[in-house]
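*Asks:* Sharing a sequence plus its predicted fold:
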Amino acid sequence: MKNFINNTLAACTIFIAAMIFATVSLADYSEHPEATAFVETMVTKHNFDREQVLNWLAQANHQKSIVKAMSRPAEKAKPWYEYRKIFVTDTRADRGIEFWQQNKETLAKAEREFGVDPAIIVSIIGVETNYGRNTGSYKVIDALATLAFDYYTYTERRESRKKFFTIQLEHLMLLAREQNQDPLALKGSYAGAMGWGQFMPNSYRNYAVDYDGDGFADIWTNPTDAIGSVANYFTKHGWQKDQPVATRATIDKTPSSESLNKMKRPTATIADLMAQGYKPVDTFAPSSKAFPMSFAAKYGTEYWIGMYNFYVIGRYNPRTKYAMAVYQLSELMRNRICASAQNC
């Protein structure tokens, strides 16, 4: 009987807690317990009108689908050969070549001014939004408020993510003021990424450029500004002009998994990796910085060596499968263009 009472009390406690969290989650975000500190930051640090910030938060809506999407590690769970089929396809390559041809002057200008390979710029936009076809339908303020204030009520509390999305909400309001935009009208992904290149609000403020000179960095509907912004992002993150990205490799023994797929600034050299048994297909200077990777192919394991520029692609999204998809799509498009021109 005592166990029954204890179990019943425990169940009631959990139910009450869940109801409290549900109430908080569905409440007006201007009244959310954790919004007070955020509002104070916007007022005292950035000189926003308190009523304006409260009004914006009051109109932000909690979205359960955003929490579910964030808690679903689809990209991480898929093996490479399945992940690759999503992004490195004939259709996406054809659309990329069409986008390249339509914007060839802008891409050539970006290559001259930023030093970034146009194939990589086109590939990023292709992987991120399929050339503007899927830029996201969520209100950015809904996504960021949900993830800043309520994400941890559904999952274990993740302070780093909570802090990240709170900062993004702060940047959203700052960019709205700077660009004379309505933060309630901006649309993006379930994580709050915006436009053709899927910039988070802080990336927009740091890297978006008005590349056509009309006075507004429009990454939502203007491919010229999107191209310039992606190129600027890569330059600011260290893209090395005319340098390689990656190469296939073989290895004469099974490497330690601890040494693979570390998407960090490379510290080892090609010479170091060759001493470990790796044999790169392409030839590079022995002193070139690089790191080893492996990917689950359909009938075995692929080994690759990522160069410094591969790491820079990873600054856009720190997953080796993502960076490899960007690289392989860029190579597919480049090879098709070269084949049709018969001059590569």
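*Replies:* Received it, and whenever you're ready, just let me know what you need. Numbers count the residues shown, from 1 in each chain.
*Asks:* Check the offset of stretch 120-137 from the chain's centre.
*Replies:* 11 Å (C-alpha atoms, centre = their mean, to the nearest Å).
*Asks:* Tell me how many other residues crowd residue 299.
*Replies:* 5 (other C-beta atoms under 10 Å). Heads up, the C-betas are built off the backbone N, CA and C, glycines and all.
*Asks:* Contact partners for the residue most central in space within the chain?
*Replies:* With distances taken as C-alpha atoms, centre = their mean, residue 317 lies nearest the centre of the chain, 4.4 Å away. Applying C-beta atoms under 8 Å, 6 or more residues apart in numbering to residue 317 gives the contacts residue 323.
*Asks:* Kindly report the same for the one 10 residues further on.
*Replies:* Contact partners of residue 327, counting by C-beta under 8 Å, 6+ apart, are 120, 123, 245-246, 310, 313.
*Asks:* Which ones among the residues you listed lie within helices?
*Replies:* 120, 123, 310, 313 (DSSP state H).
*Asks:* So the last one sits against residue 325, correct?
*Replies:* If I follow you right, that is residue 313. No. In this structure residue 313 lies outside contact range of residue 325 using C-beta atoms under 8 Å: 9.6 Å.
*Asks:* quick one: which of these two has more around it?
*Replies:* residue 313 (28 against 25).
*Asks:* Strands along the stretch 101-250 of the chain, start to end?
*Replies:* 138-139, 187-188, 246-251 (DSSP state E, counting those that start in this stretch).
*Asks:* Let me have those strands in CSV, adding mean pLDDT and mean neighbour count as columns.
*Replies:* Formatted as CSV, the strands of the stretch 101-250 of the chain follow (pLDDT from 0 to 100; neighbours: other C-beta atoms under 10 Å):
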stretch, mean pLDDT, mean neighbour count
strand 138-139, 97, 21
strand 187-188, 96, 20
strand 246-251, 96, 16
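*Asks:* circling back to that earlier point, how much space separates the residue nearest to the centre of the chain from residue 56?
*Replies:* Remark: distance between residue 317 and residue 56 (C-beta to C-beta, to the nearest Å) = 28 Å.
*Asks:* contacting residues for the residue nearest to residue 211 when sequence neighbours are not counted?
*Replies:* Counting by C-beta to C-beta, 6 or more residues apart in numbering, residue 211 lies nearest to residue 228, which is 2.8 Å off, once chain neighbours are set aside. By C-beta under 8 Å, 6+ apart, the contact set of residue 228 is 106, 110, 114, 209-211.
*Asks:* likewise residue 307?
*Replies:* 243-247, 266, 284, 288-290.
*Asks:* out of those residues, which are buried?
*Replies:* For the contacts of residue 307, a burial check counting by 16 or more other C-beta atoms under 10 Å picks out 244-247, 266, 284, 288-290.
*Asks:* where does the stretch 51-200 of the chain have low pLDDT?
*Replies:* 73-76, 152-158 (pLDDT under 70).
*Asks:* Would you map the helices across it?
*Replies:* Remark: helices assigned in the stretch 51-200 of the chain by DSSP state H, counting those that start in this stretch are 64-70, 74-77, 80-87, 90-102, 104-114, 118-129, 140-149, 159-178.
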